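*Asks:* Got a sequence here, can you model it:
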Amino acid sequence: MIKEAIGKLVMKENLAAGEMEEAMREVVTKKASTGQIASFLTALRMKGETSEEITGGAKVIKEKSLKINLGGEAVCLDREEITVERETILSTAKDFSGETAIFNISTATALVVAGGGLKVAKCVKKPALPLCGCADVIEALGVHLDLTPSQLGRCFNTLGICFLHDHLVHNGLDHLIALRKKIGIRTLFNLLDPLINPGGATVQVLGVYDPDLTETMATVLMNLGIKKGLVIHGRDTLDEVSITGETKVTELKEGKMESYTIEPEDFGMKRRKVEEIKGGTKEENAEIILEILKGIGGAKREVVALNAASAFVIAGRVKDFKEGIELAKQSIDSGKTLDILNRLVQFTNSEHRFIRGELTAMG
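*Replies:* Below you'll find the model as predicted:
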């Protein structure tokens, strides 16, 4: 099927759901050659992925990926990977495929949301050097990521938050990870990463790098069974709610979609310059997050509060962004967020280190 799919794609023809799923199964099971997979992904990118093609790809990857049982019914929020559960499992994981001109907003957001009472399971990954991803910053903060699924479950149930390393989720898909690095361009998998959702959520906040994708990805969320979702694209911050300008939002509720824009001024916030939320190395970004959690004000604190508000809103914890921003500030100023980070560091350091052979045996 992969040959036929490539042939259609190079002619700018869209694949039906069944065709996409059949081709993707050849991709993930290694039935397709490396050259065929690269051609398939490149042709898809050049044509432009449809919501039906993205949905088909996501279903196959979700079937293959490792499921992590965190307990309870899954609800979900996703900002390039926010997954929320029951009272709410939130996973703000993102694929840091761009330069780290901006600090790791989603990492700080996950901690603040947990401090505000939602349960957070955040997927993290290490990008190619010299980029600085969430996994790098989390480790710089003192959190160990090499935990088994059972340890992650205990961490989540004990603290209400855990960080899931992507090698746990991408079970048996190492050949695709290596190929993506060689291809070196944005592919279908950049769109699929946030949709894997190992906790199985039904409410999601998803950040995307292109404003033209918000409606497409909202349709994908609906196709995957998401009942309520926000798909966001912010000026300068891309897959985060922006404090430097407009953010495009496509809202999904019970099968109906609505797109609109929001600005920081809508919530009584001052519009900031991108230089004010600048990031740096993993150590510098970790220090920025610690400063935010210790109550230091400024643009960085405000952009985190704004993004945490989106999670609180879609989870039904608050009625609007203004209330969500206030809850985020309370989470920080009460010391709850910093306490959660300190307990997370203590817990992960006290657990036995993950033995990679165990993961191999599971695959």
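*Asks:* Can you give the strand pairings for the host helix or strand of Val205, parallel or anti for each?
*Replies:* Secondary structure assigned from DSSP states H and E places Val205 in strand 203-207. Strand 203-207 has the following strand partners under DSSP bridges: strand 228-234 (parallel).
*Asks:* and the next helix or strand after the partner strand, what does it pack onto?
*Replies:* Under the assignment DSSP H and E, the closest C-terminal helix or strand after strand 228-234 is strand 247-253. Applying 3 or more CB pairs under 8 Å, 6 or more residues apart in numbering; DSSP states H and E, we find strand 247-253 packed against helix 214-223, strand 228-234, strand 256-262. To be clear about C-beta, it is placed using only N, CA and C from the backbone, and glycine gets the same treatment.
*Asks:* and the angle for the second one with strand 247-253?
*Replies:* With axes from the mean of the first three to the mean of the last three CA atoms, to 10 degrees applied, the angle from strand 228-234 to strand 247-253 works out at 170 degrees.
*Asks:* Can you point out the buried residues in strand 228-234?
*Replies:* Lys228, Gly229, Leu230, Val231, Ile232, His233, Gly234 (16 or more other CB atoms under 10 Å).
*Asks:* what's it in contact with?
*Replies:* Strand 228-234 is contacted from outside by 77-79, 202-211, 213-215, 217-218, 221-222, 239-242, 244-254, 310, 313-314, using CB atoms under 8 Å, 6 or more residues apart in numbering.
*Asks:* Likewise for the first one?
*Replies:* Contacts of helix 214-223 with the rest of the structure, by CB under 8 Å, 6+ apart, involve 49-52, 54-55, 58, 191, 195, 204, 206, 208, 229, 231-233, 248-252, 255, 257, 259.
*Asks:* Buried only: go through those residues for me.
*Replies:* The neighbour-count criterion (16+ other CB under 10 Å) marks 49-52, 54-55, 58, 191, 195, 204, 206, 208, 229, 231-233, 248-252, 257 among these as buried.
*Asks:* quick one: the nearest residue to Glu284 once chain neighbours are set aside and Leu44, what's the gap?
*Replies:* Closest residue to Glu284 apart from its sequence neighbours, by CB to CB, 6 or more residues apart in numbering: Phe103 at 7.9 Å. Counting by CB to CB, to the nearest Å, the separation of Phe103 from Leu44 is 32 Å.
*Asks:* Then Ser51?
*Replies:* Relative to Leu44, Ser51 is positioned 13 Å away (CB to CB).
*Asks:* One more: Thr29?
*Replies:* Distance from Thr29 to Leu44, by CB to CB: 18 Å.
*Asks:* Compare these two (neighbour count), which wins?
*Replies:* Comparing Thr29 with Leu44 by other CB atoms under 10 Å, the one with more neighbours is Leu44, at 24 against 11.
*Asks:* Need phi/psi at that one.
*Replies:* Torsion angles at Leu44 (phi, psi; degrees, to the nearest 10) stand at phi -60, psi -50.
*Asks:* so who does the residue nearest to it when sequence neighbours are not counted touch?
*Replies:* The shortest distance from Leu44 to any residue other than its chain neighbours is 5.3 Å, reached at Leu188 (CB to CB, 6+ apart). Contacts of Leu188 were listed using CB under 8 Å, 6+ apart, and they are Leu41, Leu44, Arg45, Glu49, Glu53, Ile54, Gly57.
*Asks:* Model confidence score at Leu188, please.
*Replies:* Per-residue confidence at Leu188 stands at 87 (pLDDT).
*Asks:* now Leu15
*Replies:* Checking the pLDDT column for Leu15, the value is 95.
*Asks:* Please tell me how far it sits from Glu215.
*Replies:* According to CB to CB, Leu15 and Glu215 sit 19 Å apart.
*Asks:* Looking at those two, which is more packed in?
*Replies:* It is Leu15, of Leu15 and Glu215, that has more neighbours when counted by other CB under 10 Å, with 25 against 17.
*Asks:* That one sits in which helix or strand?
*Replies:* Applying DSSP H and E as the criterion places Leu15 outside every helix and strand.
*Asks:* Pretty sure Thr55 is one of the things it touches, is it not?
*Replies:* No - Leu15 sits out of contact with Thr55 when judged by CB atoms under 8 Å, with a separation of 11.0 Å.
*Asks:* Identify the residues contacting Gly268.
*Replies:* Under the criterion of CB under 8 Å, 6+ apart, the contact partners of Gly268 comprise Lys322.
*Asks:* And it, how far from Leu179?
*Replies:* 47 Å.
*Asks:* Low-confidence stretches in the protein?
*Replies:* Applying pLDDT under 70 to the predicted model, the residue ranges of the chain that meet it are 69-100, 126-132, 167-172, 198-202, 352-363.
*Asks:* hmm, 50 instead?
*Replies:* Residues of the chain meeting the criterion pLDDT under 50: 72-100, 354-363.
*Asks:* which stretches of the protein form strands?
*Replies:* Ranges of strands in the chain, per DSSP state E, are 77-78, 89-91, 119-124, 161-165, 203-207, 228-234, 247-253, 256-262.
*Asks:* Save these as TSV, and put in distance to Val10 too.
*Replies:* Putting the strands of the chain into TSV (distance: least, CB to CB, whole Å) gives the following:
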stretch	distance to Val10
strand 77-78	32
strand 89-91	35
strand 119-124	33
strand 161-165	36
strand 203-207	29
strand 228-234	29
strand 247-253	30
strand 256-262	31
